[in-house]
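Student: Below: sequence and its predicted model.
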Amino acid sequence: MRKSLGVLSFLLFFVVACTNHEPAIVKVDTPPEEVAEEPELIEEVSDNEEVDEFIEFKLDEEVLRVNLKQIPILSAYLHAADDRQAVIEEMGIQHILNKDGNIIYLLEFSCTNEECSYLLLDETSENTGLLVADLAIFEHVTISPEDSKLLLKFNRNSTHEFPLSNVVVIDLEEWHVLSIENDSITNNFLDYQWPILFVSWIDEESLSITVPDTIEPNNLHSETTNNNVSEVIFTVEK
C-alpha cells in the first residue's frame, strides 16, 4: 500500500501572493533597540492612500516586517480575531536557513496548548508564505545534501509514549511541498499517525525515518531500544 505525504489535513500547503511582486517579509532599518520586544501591527499609508498592514518582529539584531497583503491566510486570521494585538503578541518567528544569502524564516501563529500553525517565509518576491503545518510543534529542520530541499519535522502531543509526528519536505527551487512515499509499508507513519523518532537525508531523493514498531501507552518504565524500532526508507517525489 502506498503511503504519501501529498496534502496536509487543513488542505492548503501554500498561499498565493498578490500580483504586485512585493516580498512577504523584509528587513527594515529601524534600530532594534527602538522596536518593541513583542511583535506588533504596523500600518502605513501608501502613495495611493491605501493602508498597508505589517507585523513587525524584533529578532536578535534585526527588525523584520511581514506584509499581510502578501499572506491572505494570515491576514484573514487576524481580521477574524477579537483582539488582533493579543494574537499578534503570541506569534513567533525564527531564522532557520541562509541559502545563498537568502534567509528563510519560520513563523508560528494561531497557537493552542503549544501547538501552532507554521508559515515558511523568505526574502524573495517569488516565494511568499508557505503553510507547512497546522496544530503542531516544530522540532527541527535539515537541508538536503545538495541544498535543494528542506526537511521539517513536526510533532503533536499524544497519550502515547512518544508524540505523533509528520515530516514536510520543501523544494527550495520551486517553493512547494513534495510528496514522500514508500510502496511497501502498511502503516501510515506520516500525517501525525505515528511517532517518528529520527529522520535524516540519505541523498537528494530519499529519507531514512526511524519509528517504533508499536505505539504503547505512557509507561514510566518503558524503553525504546534498537530491538523494537524500524528504519523505513521514503522516496522524495518530484
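Tutor: Thanks, I have it.
Student: can we go C-alpha only for contacts and neighbour counts from here?
Tutor: Will do.
Student: show me the contacts for R156.
Tutor: Residues near R156 by C-alpha atoms under 8 Å, 6 or more residues apart in numbering: 115, 135-137, 163-165, 192.
Student: quick check: longest strand of this protein.
Tutor: strand 130-143 (DSSP state E).
Student: helices or strands up against that strand?
Tutor: Contacts defined by 3 or more C-alpha pairs under 8 Å, 6 or more residues apart in numbering; DSSP states H and E place strand 130-143 against strand 115-122, strand 149-156.
Student: Can you point out the buried residues in that strand?
Tutor: Buried residues in strand 130-143, defined by neighbour count with 16 or more other C-alpha atoms under 10 Å: 130-138, 141-143.
Student: export those to a markdown table and tack on distance to E38?
Tutor: Compiled in a markdown table, these are given as follows (distance: C-alpha to C-alpha, whole Å):
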| residue | distance to E38 |
| --- | --- |
| L130 | 23 |
| L131 | 23 |
| V132 | 24 |
| A133 | 23 |
| D134 | 23 |
| L135 | 22 |
| A136 | 22 |
| I137 | 21 |
| F138 | 20 |
| V141 | 25 |
| T142 | 28 |
| I143 | 30 |
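Student: Among these, which pair sits farthest apart?
Tutor: L135 and I143 (23.2 Å; C-alpha to C-alpha).
Student: and the residue nearest to I143 when sequence neighbours are not counted, bridged to which residues?
Tutor: Excluding the flanking residues, the one nearest I143 by C-alpha to C-alpha, 6 or more residues apart in numbering is L150, at 4.5 Å. For L150, the beta-bridge partners are I143, I170 (DSSP bridges).
Student: How about the contacts made by L150?
Tutor: Taking C-alpha under 8 Å, 6+ apart as the definition, contacts of L150 comprise 141-144, 169-172.
Student: and it, how far is that from I42?
Tutor: 31 Å (C-alpha to C-alpha, to the nearest Å).
Student: ok, the contacts of L150 vs L78, which is closest?
Tutor: Nearest member of the contacts of L150 to L78, counting by C-alpha to C-alpha, is I170, at 26.1 Å.
Student: List the contacts of that closest one.
Tutor: 149-151, 176-178.
Student: Out of those, who's the most crowded?
Tutor: V177 (25 neighbours; other C-alpha atoms under 10 Å).
Student: Determine the three-state secondary structure at it.
Tutor: strand (DSSP: H, G, I helix; E, B strand; the rest coil).
Student: Setting the sequence-adjacent residues aside, check what's closest to it.
Tutor: In space, V177 is closest to I170, 4.6 Å off (C-alpha to C-alpha, 6+ apart).
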